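*Asks:* got a predicted model here, sequence first, then my questions.
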Amino acid sequence: MKTTVTSCVLLFVVSLLAAPASGENWPGFRGPDGSGISKEKNAPMKWSDSENLKWKTALPGPGSSSPIVWDDRVFVTCYSGYGVDRRNPGTMSSLKRHLICMDRANGKILWNKIVPAAGREDSYRGFISEHGYASHTPVTDGKSVFVFFGKTGAMAFDFAGKQLWKTPLGTMSGSKGWGSAASPILYKDTVIVNASDEGRKIVALDKKTGKEKWKAAADSLELTYNTPLVVTVSDTRKDLVIAVPEEVWGLNPDTGKLRWYAEMKPNGNVSPSVVADGSVVFATGGYKVKGTVAVQAGGKGDVTTSHMRWASLDSSYVPSSIVKKGHLYWVNESGVAYCLSAKTGKRVYREKLTRAEGGAIPTRSVYASIVEIAGNFYAVSRKHGTFILSAAPKFRQIAVNRFASDTSDFNASPAISDGQIFIRSNSFIYCVRNKSASASRTPKSNFKAIALGQGVSRSDRK
C-alpha cells in the first residue's frame, strides 16, 4: 500500500499532538506533591523587567494565591471590588473573586470567571489586609480546576471556564477575623478543603459533583490556616496530616476519622503547612508560643510520647518549609533563613537575607513559601525581590532578582514548569525563563474540544 505525503504529514501531526508533554506540571499549592520541590533543571537564576522575561500580564485585582500550571494553561485567582485600596477599602457588597485561565505561551487571558461574594466576609482590617480575599491556591487534575473562595464556598470549573458545581462550606469567622487561607488538595476522587474558619471542619467533596463525602469537625480547628498534606505511611496506609494549635493530627483521608494526634507547644494561629520526609512530618508555626516539631506519622490515638522525634523553638510564622537531604529549611516572615537537622532538630544556621542594595531585609518582608529548583531555594519577598539561596546546610545567598517597575506586594509562592517560573504580585503575573532555552513542551490539541465524619473534638478522644 502506498503512503502518500499527505498521510505522512497527518500521521506526524497526530503523533505530535498525542505525545506526552515534557516537563512537570505544577497542579496545586507547592507543586505536584505539596513539597515545594521541583524536578526542573533549567530554570533561570537571573531576571528583571528586561532580562529573561517571557511575558507579564496585568491582573484585574490582587491576591496571595499561587499560580498553577497544567500543560499550556496557567490558572490564578484574585479579587476585586473591595479591599483593594487599604486607605479606601470600599463596600463589601462589591467583593468579587476571579478565576483566570491564561495561555502559558504568551500570557493572554483566555477567560476570566467572576464570582460575586455569596455573603458578608470578614472586614478588610488587621491581618486580612495583608493577604486579602484570594489566598487559596486552586488545584487541578488536568480536567477540572477546583477553587476555594472562603464563605462563598468551593467550586469546580472545566478547562473552558464552565462552572461544574458550587458547595457552601460555612459562614463562620475566626476570633481574629482574618478569613481563611488554606488551599484545596486532591486525593483519589475527592477535593479536600480545610474550612476551619468557615465551618470548623475539614471536608472531602466528590470531584464530579461537589457533594460531601466526609467531614471532620472540631472547634479546635479554629486558627488553623495551613493546607493539609497526604503522607504515605506504608504501602497500605496514607495519613492526612494537618497542624492545629497545640497539636498535629493524622486523619484517614478516605473517611476523615482521626487516627492519631501528637501534642506540641506551638499555639495560637498555625499558618505554615506541614512537610514530610518519608513518613516523618514536620510542623512549624504558632503565635505566642512558637516552635517546630518532628513526628512519625502512623500509630493510633495519642502518639505524643511514642512518635515525637524532636521539638525546637525555631519556627516560621507564615511561610512553609522544605525538607531535603536530611535538613529542614525555611525563610520566615522576617526574612531570616533557617536550616535545621531533620534528624535531631539542631539548628545548623540562622541567617538574615541581604537586599540587593545592601542591608538586611526588614521584618514582615516575606509571605511566600520557598521552592527548590536544581539545588537552589527561591524565596519571594513582598517588596525586595526574589532571593536565591543555596539548598545546602551552609548558608549562601546567590542572587536577588526584582521587577523594579512593580511596586505592589508579592505574596504568592512561585510555580515552576518546563524551565519557566511563574511569579505573581498584586498587580501582575510574570513568566521568566532562560532566554537561550528552547521550549521543550509539546503543544497540546486546542482547548476548543474541551469548549472524621464522627468528629475529632478533644472531648471525644481524651
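*Replies:* Structure's in. What do you need? Numbering: from 1, shown residues only.
*Asks:* so Asp409 is in contact with Val380, correct?
*Replies:* No. In this structure, Asp409 is not within contact of Val380 by Cβ atoms under 8 Å, at 10.2 Å. The way it works is simple: take the backbone N, C-alpha and C, and place the C-beta from them, glycine included.
*Asks:* now the helices for the stretch 301-450 of the chain?
*Replies:* Secondary structure of the stretch 301-450 of the chain (DSSP state H, counting those that start in this stretch): helices located at 304-307.
*Asks:* where exactly do the strands run in it?
*Replies:* 301-302, 308-312, 322-324, 327-331, 336-341, 347-352, 371-373, 376-380, 386-390, 397-401, 415-417, 420-424, 428-432 (DSSP state E, counting those that start in this stretch).
*Asks:* what's the closest of the ones you listed to Val280?
*Replies:* strand 308-312 (6.4 Å; Cβ to Cβ).
*Asks:* a markdown table for the strands of the stretch 301-450 of the chain, including distance to Ala43?
*Replies:* A markdown table is the format used below for the strands of the stretch 301-450 of the chain (distance: least, Cβ to Cβ, whole Å):
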| stretch | distance to Ala43 |
| --- | --- |
| strand 301-302 | 43 |
| strand 308-312 | 31 |
| strand 322-324 | 15 |
| strand 327-331 | 18 |
| strand 336-341 | 19 |
| strand 347-352 | 23 |
| strand 371-373 | 5 |
| strand 376-380 | 8 |
| strand 386-390 | 10 |
| strand 397-401 | 12 |
| strand 415-417 | 6 |
| strand 420-424 | 6 |
| strand 428-432 | 8 |
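*Asks:* kindly reformat those strands as a markdown table and extend each row with mean pLDDT and distance to Phe29.
*Replies:* Shown next, in a markdown table, are the strands of the stretch 301-450 of the chain (pLDDT from 0 to 100; distance: least, Cβ to Cβ, whole Å):
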| stretch | mean pLDDT | distance to Phe29 |
| --- | --- | --- |
| strand 301-302 | 98 | 30 |
| strand 308-312 | 98 | 24 |
| strand 322-324 | 98 | 13 |
| strand 327-331 | 98 | 15 |
| strand 336-341 | 98 | 21 |
| strand 347-352 | 98 | 26 |
| strand 371-373 | 98 | 11 |
| strand 376-380 | 98 | 14 |
| strand 386-390 | 98 | 18 |
| strand 397-401 | 98 | 22 |
| strand 415-417 | 98 | 9 |
| strand 420-424 | 98 | 13 |
| strand 428-432 | 98 | 16 |
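*Asks:* I'd like the ones you listed as a markdown table, with distance to Trp249 and mean neighbour count appended.
*Replies:* Shown next, in a markdown table, are the strands of the stretch 301-450 of the chain (distance: least, Cβ to Cβ, whole Å; neighbours: other Cβ atoms under 10 Å):
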| stretch | distance to Trp249 | mean neighbour count |
| --- | --- | --- |
| strand 301-302 | 11 | 13 |
| strand 308-312 | 14 | 16 |
| strand 322-324 | 19 | 21 |
| strand 327-331 | 20 | 25 |
| strand 336-341 | 22 | 21 |
| strand 347-352 | 26 | 14 |
| strand 371-373 | 26 | 23 |
| strand 376-380 | 28 | 24 |
| strand 386-390 | 31 | 20 |
| strand 397-401 | 36 | 17 |
| strand 415-417 | 28 | 26 |
| strand 420-424 | 31 | 27 |
| strand 428-432 | 34 | 23 |
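*Asks:* closest to Asn226 out of those?
*Replies:* Per Cβ to Cβ, nearest to Asn226 of the strands of the stretch 301-450 of the chain: strand 327-331, 13.1 Å.
*Asks:* can you check what angle separates that closest one from strand 376-380?
*Replies:* For strand 327-331 against strand 376-380, the angle by axes from the mean of the first three to the mean of the last three Cα atoms, to 10 degrees is 30 degrees.
*Asks:* strand 327-331 - contacts with which helices or strands?
*Replies:* The contact analysis (3 or more Cβ pairs under 8 Å, 6 or more residues apart in numbering; DSSP states H and E) places strand 327-331 against strand 322-324, strand 336-341, strand 376-380.
*Asks:* could you give the angle of it to strand 308-312?
*Replies:* Using the same axes, to 10 degrees: strand 327-331 against strand 308-312 is 40 degrees.
*Asks:* strand partners of strand 327-331, parallel vs antiparallel please.
*Replies:* Its sheet considered, strand 327-331 pairs with strand 322-324 (antiparallel), strand 336-341 (antiparallel) by DSSP bridges.
*Asks:* just put these in TSV and tack on distance to Leu223.
*Replies:* Below are the strands paired with strand 327-331 laid out as TSV (distance: least, Cβ to Cβ, whole Å):
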stretch	distance to Leu223
strand 322-324	24
strand 336-341	23
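*Asks:* I'd like to know which of the ones you listed lies nearest to Asp122.
*Replies:* Nearest to Asp122, of all these, is strand 336-341, at 29.1 Å by Cβ to Cβ.
*Asks:* for that closest one, which outside residues touch it?
*Replies:* 292, 312, 314, 316, 326-332, 346-353, 379, 389, 393, 395 (Cβ atoms under 8 Å, 6 or more residues apart in numbering).
*Asks:* can you pull out the helices in the stretch 51-200 of the chain?
*Replies:* Under DSSP H, counting those that start in this stretch, the stretch 51-200 of the chain gives helices at 128-131, 196-199.
*Asks:* just so I know, which of those helices lies nearest Arg364?
*Replies:* helix 128-131 (8.2 Å).
*Asks:* what sits up against the closest one?
*Replies:* With Cβ under 8 Å, 6+ apart, helix 128-131 has contacts from Ser64, Gly83, Arg86, Asp122, Gly177, Trp178, Gly179, Ala181, Tyr367, Asn411.
*Asks:* so which of those is the most crowded?
*Replies:* Ser64 (27 neighbours; other Cβ atoms under 10 Å).
*Asks:* please name the spatially closest residue to it (chain neighbours excluded).
*Replies:* Nearest non-adjacent residue to Ser64, counting by Cβ to Cβ, 6 or more residues apart in numbering: Asn411, 3.8 Å away.
*Asks:* Asn434 too?
*Replies:* For Asn434, the spatially nearest residue (Cβ to Cβ, 6+ apart) is Pro44, at 4.8 Å.
*Asks:* surely that neighbour and Asn52 touch.
*Replies:* Yes. Between Pro44 and Asn52 there is a contact at 4.7 Å, judged by Cβ under 8 Å.
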